[in-house]
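# Mind looking at a prediction? Sequence and model below.
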Amino acid sequence: MAGHSKWAKVKRLKGALDAKRGKIFSKLAREITVATKIGGGDPTMNPRLRMVLLKCKAANMPGDNVERAIKKGLGGGEGADFEDLIYEIFAPHGVAVLVEVSTDNRNRTASEIRSIVTRCGGSMATPGSVSRLFQRKGQIIVSREAIKEEALMELALEAGAGDFKTDENGFELLTEPAAFETVHKRMEAAGIRMEAAEVTSLAAITAPVAADHVAAVTRLIESLEEHDDVKEVFSNAELDDAHPAA
């Protein structure tokens, strides 16, 4: 889940890898195959594949798994055709949720997503009512141990980052989606270790969630994340970092 807390998201991803590594690798392999089928197997010419490979790197996905998924995508006309869809949802207690899916059967996926939402106390939103609460941004996260703040700020701004934020955990660089690759490549060339790097949807307006409501919100979000067709779940839930699902 991509929510308000960038560091909670990073810590949650690492924890999830231990518990659900196979599921995560399976989803990434599917994303690679779909991206390759659409745009080819050369990441320098296929932006979608480049973004998936960044996720694979962050998840420490074995290279053999990546190669197999690319070969599968290059297999020509074999297999189903996939389409990308976005579902807009209201979770319990006023939390807005965006769900990105890749499906070969939109009717089946829509029915299953609605069933999850209803079962977990949420509701499907009208188009635009949730998406307007999010902004597409390039996001790069760097820990304090990786580089000094002054040096990173100078490099980031020279590379074209639009915003630079800092807290006790580390640093967050934000870019416009079109500038993300330039900034990311500058970070790589400088040898800076990044905790996360992606083009993502960030909440422009967050929704504070009381402690006794956290379980209901996270139940819906985690149920959506478990669905095989779901690529990413974004929410504007404002949870304290003490809650691992933030």
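Done, it's in. Quick caveat: nothing in here was measured; it's all calculated off a predicted structure.
# Now do the same for Leu28: helix, strand or coil?
The three-state label given to Leu28 by DSSP: H, G, I helix; E, B strand; the rest coil is helix.
# residues touching it, list them.
Shown in contact with Leu28 (CB atoms under 8 Å, 6 or more residues apart in numbering): 52, 55-56, 59, 61, 65, 69. In short, each C-beta sits where N, CA and C put it, glycine included.
# cool, and Pro127?
Glu88.
# Phi and psi next, for it.
Dihedral angles of Pro127 (phi, psi; degrees, to the nearest 10) stand at phi -50, psi 130.
# Quick check on the contacts of Leu28: which are buried?
For the contacts of Leu28, a burial check counting by 16 or more other CB atoms under 10 Å picks out 52, 55-56, 59, 61, 69.
# Looking at these, which gets the smallest pLDDT?
Lowest pLDDT among the buried ones among the contacts of Leu28: Ala59, with 84.
# Can you tell me how far that one is from Phe234?
Computed as CB to CB, to the nearest Å, the Ala59 to Phe234 distance reads 18 Å.
# in a strand, that's where Lys231 is, yeah?
Yes - per three-state DSSP, Lys231 lies within a strand segment.
# Can you give me the pLDDT of it?
Confidence for Lys231, expressed as pLDDT, is 91.
# Name all residues that make contact with it.
So Lys231 contacts 27, 31, 84, 100-102 (CB under 8 Å, 6+ apart).
# rewinding a little: tell me which of the contacts of Leu28 is nearest to Thr175?
Lys55 (17.3 Å; CB to CB).
# Name the nearest residue to the closest one, sequence neighbours excluded.
Leu28 (6.0 Å; CB to CB, 6 or more residues apart in numbering).
# Walk me through the domains of this structure.
As given by automatic domain parsing, the domain ranges for the chain are 6-73, 83-132+205-238, 134-203.
# right, and out of the buried ones among the contacts of Leu28, which lies closest to Leu173?
Lys55 (17.6 Å).
# Please look at Ala159 and Ala190 and confirm they touch.
No - Ala159 is not in contact with Ala190 according to CB atoms under 8 Å; the separation is 9.1 Å.
# More neighbours: which of the two?
More neighbours surround Ala159 than the other of Ala159 and Ala190, with 19 against 12 (other CB atoms under 10 Å).
# What pLDDT does the model give the more buried one?
91.
# other SSEs contacting the helix or strand hosting Ile86?
According to DSSP states H and E, Ile86 maps onto strand 83-90. Using 3 or more CB pairs under 8 Å, 6 or more residues apart in numbering; DSSP states H and E, the elements in contact with strand 83-90 are strand 96-103, helix 106-119, strand 123-124.
# what mean pLDDT does the longest one have?
Yep, that's helix 106-119 we're talking about. 97.
# how far off strand 83-90 does that helix point, in degrees?
Relative orientation of helix 106-119 versus strand 83-90 (axes from the mean of the first three to the mean of the last three CA atoms, to 10 degrees): 20 degrees.
# helices or strands up against helix 106-119?
When contacts are defined as 3+ CB pairs under 8 Å, 6+ apart, helix 106-119 packs onto strand 83-90, strand 96-103, strand 123-124, helix 214-226.
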